[in-house]
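Asks: Just to be clear, the model below is a prediction. Sequence and coordinates:
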Amino acid sequence: MHKGSCLCGAVSFVVEGELSPADACHCTICRKHSGHYYAGTDVKRDALTITGEGNITWYQSSPKVRRGFCVTCGSSLFFDPQTHDWISVAMGAFDKPTDTKLAVHIFVADKGDYYDIADGLPQNQQ
């Protein structure tokens with residue numbers, strides 16, 4: 001079991017089971033939504049329990065994906081491809097230990113020009 005929350009605590013969550021390896025998305029939308037890049041782990045919907053759902057604002061960032069953040073503190077929490085059986089939970093919102101690691105960088109062709117990726121992990125251009 002893994003627990004987490006937003007910065008102010010208005011939204012908290014529990015994930016049952018192990019967390020899958022995380023990915024880091026460097027696309028323009030994720031950078032603008034998170035303020036840097038988005039690192040998240042994909043969680044089966046039935047393994048995720050959210051408390052304080054009324055404090056989540058959902059932004060429809062594309063026809064197929066919405067992003068959830070805390071209405072009070074603005075913490076980026078969820079990447080939700082609504083037609084899938086999983087939802088991505090932001091790694092930074094978890095309490096430690098997460099017992100997982102970053103596995104891959106995606107959309108690196110769109111990454112910010114102010115940083116380098118030098119951790120040796122696979123990098124997918126798109």
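Replies: Arrived safely, thanks for sending. Residues are numbered from 1 along each chain as shown.
Asks: CA only for contacts and neighbour counts going forward, please
Replies: Will do.
Asks: where along this structure do the helices fall?
Replies: Along the chain, the stretches classed as helices by DSSP state H are 28-34.
Asks: For the residue nearest the centre of the chain, which non-adjacent residue is spatially closest?
Replies: Nearest to the geometric centre of the chain sits residue 90, at 2.7 Å (CA atoms, centre = their mean). Excluding its sequence neighbours, the residue lying closest to residue 90 (CA to CA, 6 or more residues apart in numbering) is residue 40, at 4.3 Å.
Asks: Return the residues in contact with that neighbour.
Replies: 22-24, 88-91 (CA atoms under 8 Å, 6 or more residues apart in numbering).
Asks: Of these, which is the nearest to residue 118?
Replies: Taking CA to CA as the measure, residue 118 lies nearest residue 24 of the contacts of residue 40, at 13.0 Å.
Asks: thinking again about what came up before, residues touching the residue nearest to the centre of the chain, list them.
Replies: Residue 90 neighbours (CA under 8 Å, 6+ apart): 38-41, 76-79.
Asks: so what's residue 28 closest to, chain neighbours aside?
Replies: Residue 28 sits nearest to residue 110 (CA to CA, 6+ apart), 6.0 Å away.
Asks: number of nearby residues for the one you found?
Replies: By other CA atoms under 10 Å, 15 other residues sit near residue 110.
Asks: And residue 27, by the same measure?
Replies: The number of residues near residue 27, taken as other CA under 10 Å, comes to 20.
Asks: ditto for residue 68
Replies: Residue 68: 22 neighbours (other CA under 10 Å).
Asks: Ok, residue 46 next?
Replies: With other CA under 10 Å as criterion, residue 46 counts 11.
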